[in-house]
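**Student:** Next one to model:
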Amino acid sequence: MQTIAERLNSARQDVSLATANANRPPNSVKLLAVSKTKPVSDIMAAYEEGQRTFGENYIQEGVDKIQQLSALSNIEWHMIGPIQSNKTKVVAEHFDWVQSVDREKIARRLNDQRPAEMAPLNVCIQVNIDDEVNKSGVKPEDVDELVRFITKQDKLCLRGLMAIPKANPDSHEQAQSLSALKELFDRYHTNLTNFDTLSVGMSSDMQSAIAHGSTMVRIGTAIFGARN
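**Tutor:** Below is the predicted model of the structure:
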């Protein structure tokens with residue numbers, strides 16, 4: 001059985017290869033290690049191999065890990081799961097990034113509840129690019145309104161877009177969705193300072209996502225093994 005260090009290095013090689021195959025500059029795609037349901041010891045194993053960015057889906061689990069690992073330097077925590085309005089305060093107080101902002105109410109509460117002594121909270125707007133009924137995210141046509149709102153908040157820094165494309169579509173359908181997402185990203189990337197992140201792609205669709213402009217892929221199972 002491979003160690004976490006071996007799987008992490010293999011994932012990094014996969015990202016590098018996909019980046020090269022897409023004729024994109026080296027190191028233009030960041031690897032976010034999705035550590036949900038995994039113990040602190042697994043995160044430490046990845047940290048010791050130089051991994052510094054970690055994604056959590058479940059708020060209390062993520063906060064517990066953040067607190068246990070608070071002594072580690074340069075570690076960056078991303079909330080990538082859905083957020084209920086009654087949970088925004090604890091997210092605003094502990095996380096460095098929130099990738100799953102999908103409505104004005106959540107953005108307002110995160111801004112208002114971000115402690116004054118902390119740096120602005122980095123946020124991405126989650127886009128429901130395939131208009132799936134059971135999936136979170138704002139519709140593409142409604143992104144503009146949410147962009148305008150977030151950019152007016154003094155404790156939020158709008159960094160980009162996040163999406164979870166439809167699972168197992170045909171390759172043509174997938175390419176269409178990813179192209180539409182990239183077009184939407186480019187619209188703001190050219191005009192907004194700090195708007196530099198297109199978070200899309202997981203183990204199953206990473207290569208296609210990178211080929212269509214992803215700047216951050218979210219990899220969990222390939223690094224930490226199957227979910228508990």
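**Student:** For residue 31, which residues are in contact?
**Tutor:** By C-beta atoms under 8 Å, 6 or more residues apart in numbering, the contact set of residue 31 is 11, 12, 15, 51, 53, 216, 217, 219. Every residue, glycine included, has its C-beta placed from N, CA and C.
**Student:** Hmm, the third one is touching residue 27, no?
**Tutor:** It stands for residue 15. No. Applying C-beta atoms under 8 Å as the test, residue 15 and residue 27 come out as separate, 9.4 Å apart.
**Student:** more crowded one of the two?
**Tutor:** residue 15 (22 against 9; other C-beta atoms under 10 Å).
**Student:** The more buried one: which element?
**Tutor:** Element membership for residue 15 (DSSP states H and E) is helix 4-21.
**Student:** Repeat that for residue 116.
**Tutor:** Applying DSSP H and E, one finds residue 116 in no helix or strand.
**Student:** Please report how far it lies from residue 227.
**Tutor:** 37 Å (C-beta to C-beta, to the nearest Å).
**Student:** Could you do residue 78 as well?
**Tutor:** 17 Å.
**Student:** And these two? Which one has more around it.
**Tutor:** More crowded of residue 78 and residue 227, by other C-beta under 10 Å: residue 78, with 27 against 11.
**Student:** What residues are bridge-paired with the more buried one?
**Tutor:** residue 55, residue 97 (DSSP bridges).
**Student:** And for residue 157?
**Tutor:** residue 122.
**Student:** thinking it is in contact with residue 121, fair?
**Tutor:** Yes. Judged on C-beta under 8 Å, residue 157 makes contact with residue 121 at a distance of 6.9 Å.
**Student:** So for the two, which residue has more residues nearby?
**Tutor:** The neighbour comparison of residue 157 against residue 121 (other C-beta under 10 Å) goes to residue 121, with 25 against 17.
**Student:** which residues touch the more buried one?
**Tutor:** 92, 95, 96, 97, 98, 110, 111, 114, 155, 156, 157.
**Student:** Residue 180 sits in which helix or strand?
**Tutor:** helix 171-189.
**Student:** With residue 159 instead?
**Tutor:** Counting by DSSP H and E, residue 159 is found in strand 156-163.
**Student:** That's all I had, so thanks and see you.
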